[in-house]
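1. starting from these lines, generate the structure:
(one chain, ligands or ions: 1)
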Amino acid sequence: MVLTIIGSPMSTCTRRVKTVLIEKGVEFTLKPIDWSVGEHKTEAHLQLQPFGQIPVLIDEDGFTLFESRAITRYIASKYANQGTKLLPDPSDAKAVALFEQAASIEQANFDPNASGIAYEKVFHPMRGIPTDEKRFQYLVDTLNSKLDGYERILSKQKYLAGDELTIVDLWHLPYAEMSEKFAPQVYESHPKVNAWYKALKERPSWIKANEA
Ligand SMILES: N[C@@H](CCC(=O)N[C@@H](CS)C(=O)NCC(=O)O)C(=O)O
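-> Here you go, the predicted structure:
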């Protein structure tokens, strides 16, 4: 039996998890959710993910976990001794603190703006909700100013938590890809951010995670 991910090949959060599984060299099965029949809102799925979302991890021993970032932390920690390292040494208090700082940066400064852009330009129109152009512009401007902070950080170090790649860098990929499509200038105008993001999106794990 291998680890199972309930998700969807197109889903941003599923691709976040797949990228980390591939980096760690962990075998997994993707069990696709059937959106067309609203399978993610069925009682059976709500038992696994109380908010009716994907992805959900079901480990070989039946342990289940949701929230893509928590899933990647679990995978990187459980398989600490294989594949790319991706987490600081738990006994190094300063490295762990810098990792947590980076995790907060992604959640507080990047994700709300980059995912907001994706919602305004892709997910809302898909559901028949017109793009709010004022809000879109606000999100682009905010992301742009947040990337000024990223630029300062990445001028001093290679990755967001230091000079080693961690899961936090990889967490950015799905919404960096989507926001870049609609606001490429915010990346292009930040050379350090642009180089960091370019190197991340060229990783074989991300390329493979995007194959259906
Ligand atoms: N914070 C959650 C977000 C999960 C999420 O938004 N999943 C989307 C797919 S990428 C979903 O299931 N959307 C359907 C819905 O919210 O009804 C995570 O990181 O796992």
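2. mind listing what Ala212 touches?
-> Pro9 (Cβ atoms under 8 Å, 6 or more residues apart in numbering). No exception for glycine: its C-beta is placed from N, CA and C like everyone else's.
3. any idea how far it is from Arg15?
-> From Ala212 over to Arg15 the distance is 11 Å, taken as Cβ to Cβ, to the nearest Å.
4. nearest residue to the spatially most central residue of the chain other than its sequence neighbours?
-> The residue lying closest to the centre of the chain (Cα atoms, centre = their mean) is Trp171, at 3.0 Å. Sequence neighbours aside, Glu106 is the residue nearest to Trp171 in space, at 5.3 Å (criterion: Cβ to Cβ, 6 or more residues apart in numbering).
5. the one you found: neighbour count?
-> Residue neighbour count, defined by other Cβ atoms under 10 Å, stands at 21 for Glu106.
6. before we move on, what about Glu60?
-> 9.
7. pLDDT score assigned to the closest residue to it other than its chain neighbours?
-> If you skip the residues right next to it in sequence, Glu60 has Met1 as its closest partner in space, 5.0 Å away by Cβ to Cβ, 6+ apart. pLDDT, Met1: 73.
8. ok, the one 5 residues further on next?
-> Model confidence at Ile6, given as pLDDT, is 98.
9. all strands in this protein, in order from the N-terminus.
-> Using DSSP state E, the strands found in the chain span residues 3-7, 28-32, 56-58, 64-66.
10. out of those strands, flag the one nearest the ligand.
-> Minimum separation from the ligand across the strands of the chain (Cβ to the nearest ligand atom) falls at strand 64-66, 6.2 Å.
11. what sits up against that closest one?
-> Applying Cβ under 8 Å, 6+ apart, the external contacts of strand 64-66 come out as 48-49, 51, 53, 55-59, 71, 74.
12. residues from the chain in reach of the ligand?
-> Residues of the chain lying close to the ligand by Cβ under 6 Å from any ligand atom are 11-13, 40, 52-55, 67-69.
13. and those residues as CSV, adding neighbour count and pLDDT?
-> Below are the residues of the chain next to the ligand laid out as CSV (neighbours: other Cβ atoms under 10 Å; pLDDT from 0 to 100):
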residue, neighbour count, pLDDT
Ser11, 20, 96
Thr12, 19, 97
Cys13, 22, 98
His40, 21, 95
Gly52, 13, 98
Gln53, 18, 98
Ile54, 23, 98
Pro55, 25, 98
Glu67, 17, 98
Ser68, 26, 98
Arg69, 18, 98
